[in-house]
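[1] I'll drop the sequence and a predicted model, then ask my questions.
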Amino acid sequence: MSALSVGPTGRWMRNMETLDVKGLSCPLPVLKTKKALEKGHNELQIDGNSQVSLENVSKFASSQGFAVKTLKDNPNDWSIVINK
Amino acid sequence: MDKGKWLMITTGVIIGCLAVMLVAMGNPANMGFCIACFLRDTAGALGFHQAKAVQYVRPELIGMVLGAFIAAFSTGEFKGRGGSSTFVRFVLGIFMMIGALVFLGCPLRDIIRMGGGDLNAVVGLAGFIGGILCGIYFLRQGFNLGASKSDNGSQAGAYIFILTVVGLLLMLVFRFNINPSGGGPLFFSTAAPGSQHAPLWIALGAGLLVGVLAQRARLCLSGGFRDFFLIGEKGMLLAYAGIFLAVLVLNLYLGKFNLGFAGQPIAHTNHIFNFLGLFLVGQCAVLLGGCPLRQMILGSEGDMDAAATVVGMIAGAAIAHNFLLASSAKGTTNLGEIVLIGGIVIVSVIGWAYREVDA
């Protein structure tokens, strides 16, 4: 859940919601992303570990009008931020 | 059109063409590829069931595993992982096979049968889509078999599946036989359809190509319909259209197209159980995260849960023939009908039991 923490500048900042889809079978990574977005999040970090889930989650986020930013992109360890 | 869509269409068309080619070179009619039938034949060849008509180590399956392994390994996607309700997946694999053997084919053969003019396959497709919708219902309720893990990063377990398949290939090539009087460990049909097959190296090569393509395209015969209903994603449906049209056009060209219900090769006309057979397959495929073909490909990428599902399908084939559940061209069996309906109930209970509390 979102919470407040002290950022690098010493000011309060809101933590980004993170979704862990590591090891989940298809189509749960996409389904969980969909559910998280339906809760009204405009920004979400998603961590996963299979290329298929990265492709599917990125495609779904783009289709919903979200921009996809890659934080980490190894074949079996990835992390993206989606926002709009 | 983007690269992904072209890959889907190309994969579908190549699989469709290879399917017709394999039949022309010796495979049973409308059975260029069938994951369920081929696993059933392989189970028979290993003596797990004694149905003399369906015993042969299908090289197409061996090629698929090796092709998918090569594709996954070369892209860095091969990774050992497992531990997501493995035994439940094994059991779902058993039921997925029983459903396929009551219908007489996996979803891939269903499309190939439609391309040959077999209208029973259209009934099967309706059942398959029904089963997928049933599976989606459980997904929406929060169905989740849990996350798989890579544990300490060892790849040893992932190689077991690959090495087993290589061992099977060597046994097939050298016709390994340590019991000349009794036969075995490999048994081969001397009558149809187990005796009907394309030359070994051609079948192996065709499988290899399909394995590479299916791994790269993430081909899944249930995933396309599932994602269409779940999130409106249509990409995978292009692959289905590619398979169907390639098989249809080539069958028409070769004069093998035969439209109708009756007299179709290795098929029966019991509409209710053609529908329910693939209904069970669709239901299991959605809960497992992929159709029989996809389970083979995932197993070849290091997914040990998928490998366990494939072994479950082999066990399901043995059960289906030893308990006389499998249909034949003559029709379904009474026990097959009862177990199929029981299977739909049991798989539904699993679907309901494994719903996760919304986090």
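    Yep, that arrived. Note that the coordinates shown come from a computational prediction; the quantities given were computed from them, not determined experimentally.
[2] In chain B, where is pLDDT below threshold?
    B:151, B:358-359 (pLDDT under 70).
[3] at 50 instead, please
    Low-confidence segments of chain B, defined by pLDDT under 50, span residues B:359.
[4] before we move on, what about chain A?
    When residues are selected by pLDDT under 50, those of chain A lie in A:1-2.
[5] which residue ranges form the strands in it?
    In chain A, strands defined by DSSP state E lie at A:4-6, A:12-14, A:18-20, A:43-48, A:67-74, A:77-83, listed in chain order.
[6] Report how many residues lie close to the closest residue to B:T75 other than its chain neighbours.
    Once flanking residues are discounted, B:T75 sits nearest to A:P75: 6.7 Å by C-beta to C-beta, 6 or more residues apart in numbering or on different chains. All C-beta atoms are positioned from the backbone trio N, CA, C, and that covers glycine. Other residues lying near A:P75 total 15 when counted by other C-beta atoms under 10 Å in any protein chain shown.
[7] Run through the residues that contact the nearest residue to B:A267 once chain neighbours are set aside.
    Distances taken as C-beta to C-beta, 6+ apart put B:N120 closest to B:A267, at 5.1 Å, once the chain neighbours are dropped. Contact analysis of B:N120 by C-beta atoms under 8 Å, 6 or more residues apart in numbering or on different chains lists B:113, B:261, B:264, B:267-269, B:271, B:274.
[8] from the middle of its chain, how far away would the host helix or strand of B:G12 be?
    Using DSSP states H and E, the element containing B:G12 is helix B:3-24. Centre-to-centre, helix B:3-24 and its host chain are 16 Å apart (C-alpha atoms, centre = their mean, to the nearest Å).
[9] Which elements pack onto that helix?
    Here helix B:3-24 touches helix B:107-115, helix B:200-217, helix B:235-254, going by 3 or more C-beta pairs under 8 Å, 6 or more residues apart in numbering or on different chains; DSSP states H and E.
[10] List the contacts of the second one.
    For helix B:200-217, the surrounding residues in contact (C-beta under 8 Å, 6+ apart) are B:7-8, B:10-11, B:14-15, B:18, B:21-22, B:25, B:27, B:33, B:58-72, B:169, B:172-173, B:197-198, B:219, B:239, B:293-294, B:297, B:300-301.
[11] picking that back up, immediately after the helix holding B:G12, which helix or strand?
    Per DSSP H and E, the first helix or strand lying C-terminal to helix B:3-24 is helix B:35-45.
[12] Who are the packing partners of that next one?
    On a contact count with 3+ C-beta pairs under 8 Å, 6+ apart, helix B:35-45 meets helix B:59-74, helix B:86-103, helix B:107-115, helix B:292-300, helix B:304-322.
[13] Skipping adjacent residues, who's closest to A:L24 in space?
    B:A147 (5.4 Å).
[14] now the one you found, what's its secondary structure?
    coil (DSSP: H, G, I helix; E, B strand; the rest coil).
[15] what number of residues lie near it?
    Applying other C-beta under 10 Å, I find that B:A147 has 16 neighbouring residues.
[16] Phi first, then psi, for it.
    Dihedral angles phi and psi of B:A147 (degrees, to the nearest 10) take the values phi -80, psi 140.
[17] Would you mind measuring from it to B:G124?
    33 Å (C-beta to C-beta, to the nearest Å).
[18] Likewise for B:G44?
    Taking C-beta to C-beta, one finds B:G44 at 23 Å from B:G124.
[19] Looking at those two, which has the bigger crowd around it?
    Set side by side, B:G44 and B:G124 show more neighbours around B:G124, with 32 against 26, by other C-beta under 10 Å.
[20] what about the nearest residue to B:L170 once chain neighbours are set aside, neighbour count?
    Closest residue to B:L170 apart from its sequence neighbours, by C-beta to C-beta, 6+ apart: B:F176 at 7.3 Å. For B:F176, the neighbour count with other C-beta under 10 Å is 13.
[21] residues touching B:F176, list them.
    By C-beta under 8 Å, 6+ apart, the contact set of B:F176 is B:170, B:185-186.
[22] could you redo those as TSV and give each row neighbour count?
    Below are those laid out as TSV (neighbours: other C-beta atoms under 10 Å in any protein chain shown):
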residue	neighbour count
B:L170	9
B:P185	13
B:L186	22
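[23] so which of those residues comes closest to chain A?
    Closest approach between those and chain A, by C-beta to the nearest C-beta: B:L170, at 30.1 Å.
[24] just the CA coordinates of the helix or strand where that closest one lies, formatted as CSV?
    Taking DSSP H and E as the definition, B:L170 sits inside helix B:156-173. Coordinates of each C-alpha in helix B:156-173 appear next as CSV, following Å, rounded to 0.1, in the frame of the first residue of the first chain:
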residue,chain,number,x,y,z
ALA,B,156,19.6,-29.2,-12.9
GLY,B,157,15.9,-29.9,-12.5
ALA,B,158,15.1,-28.0,-15.7
TYR,B,159,17.5,-30.2,-17.7
ILE,B,160,15.9,-33.4,-16.5
PHE,B,161,12.9,-32.9,-18.9
ILE,B,162,15.2,-32.1,-21.8
LEU,B,163,17.6,-35.0,-21.1
THR,B,164,14.7,-37.4,-20.7
VAL,B,165,13.4,-36.4,-24.2
VAL,B,166,16.9,-36.8,-25.6
GLY,B,167,17.1,-40.3,-24.1
LEU,B,168,13.7,-41.1,-25.7
LEU,B,169,15.0,-40.0,-29.0
LEU,B,170,18.1,-42.2,-28.7
MET,B,171,15.9,-45.2,-27.8
LEU,B,172,13.7,-44.5,-30.8
VAL,B,173,16.6,-44.1,-33.2
